[in-house]
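# here is my input, please return the structure:
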Amino acid sequence: MLGSRVELEVDASLENIPKIIDFVASWMQDLKLDDIILAVETSVDEACTNIIKHAYSGRGGIIAITCELQDKDFVITIRDKGKPFDSSSVPPPDLGRDLDKRKIGGLGIYLMRKMMDDVSYSFDVEKGNTLVMRKIVTGKKCEG
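Alright, predicted model coming up:
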């Protein structure tokens, strides 16, 4: 029987994004959660890229990822000790503007909120940043 929780800790570098995505996707495939893998992969990729580029400003650090099943939710918790982040300071993207006139980037938080069922963030002086994303598992019984 598969465990209902897995953890990964990696250096915060863009080179580790594929390792993070493989870790999450592999566990989800083992649980037969193929129908939500793309949404979760995209959200985790965006979150971890933002941590590397903004929280750590590319200077390195640690990203800790926990994936778990909680009732009918697939929950991903991502922790880092980078700079705190206020998601309310990020304006919503202007999706009505022509592609060639849009600013590059800035869609990460928007995509996470659209693709996941719940996204929450907290900061603690000792624990650092914690991002929790939930995706409701529908239709299939998990083998966890």
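# residue ranges of the helices in the chain, please?
All helices of the chain, identified by DSSP state H, fall at 17-30, 37-50, 108-115.
# tally of neighbours for I36?
20 (other CB atoms under 10 Å). C-beta here means a position set from N, CA and C on the backbone, and glycine is covered the same way.
# doesn't V137 make contact with it?
Yes: contact criterion CB atoms under 8 Å: I36 and V137 qualify, at 6.8 Å.
# overlap in contacts of the two?
Common neighbours of I36 and V137, counting by CB atoms under 8 Å, 6 or more residues apart in numbering, are F74.
# of the helices of the chain, which is nearest I63?
With CB to CB as the criterion, I63 lies closest to helix 37-50 of the helices of the chain, at 5.9 Å.
# can you show me the strands along this protein?
5-11, 62-70, 73-80, 118-124, 128-136 (DSSP state E).
# mean pLDDT added to the ones you listed, as JSON lines?
Formatted as JSON lines, these follow (pLDDT from 0 to 100):
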{"stretch": "strand 5-11", "mean pLDDT": "95"}
{"stretch": "strand 62-70", "mean pLDDT": "95"}
{"stretch": "strand 73-80", "mean pLDDT": "96"}
{"stretch": "strand 118-124", "mean pLDDT": "92"}
{"stretch": "strand 128-136", "mean pLDDT": "95"}
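# any chance of CSV for those, columns distance to C48 and mean neighbour count?
Output for those, formatted as CSV (distance: least, CB to CB, whole Å; neighbours: other CB atoms under 10 Å):
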stretch, distance to C48, mean neighbour count
strand 5-11, 9, 14
strand 62-70, 6, 18
strand 73-80, 7, 20
strand 118-124, 14, 13
strand 128-136, 9, 19
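# just put these in TSV and tack on distance to D45.
Listed next are these as TSV, based on distance: least, CB to CB, whole Å:
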stretch	distance to D45
strand 5-11	13
strand 62-70	12
strand 73-80	11
strand 118-124	14
strand 128-136	12
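# between the ones you listed, which one is closest to Y110.
Of the strands of the chain, nearest to Y110 by CB to CB is strand 118-124, at 10.5 Å.
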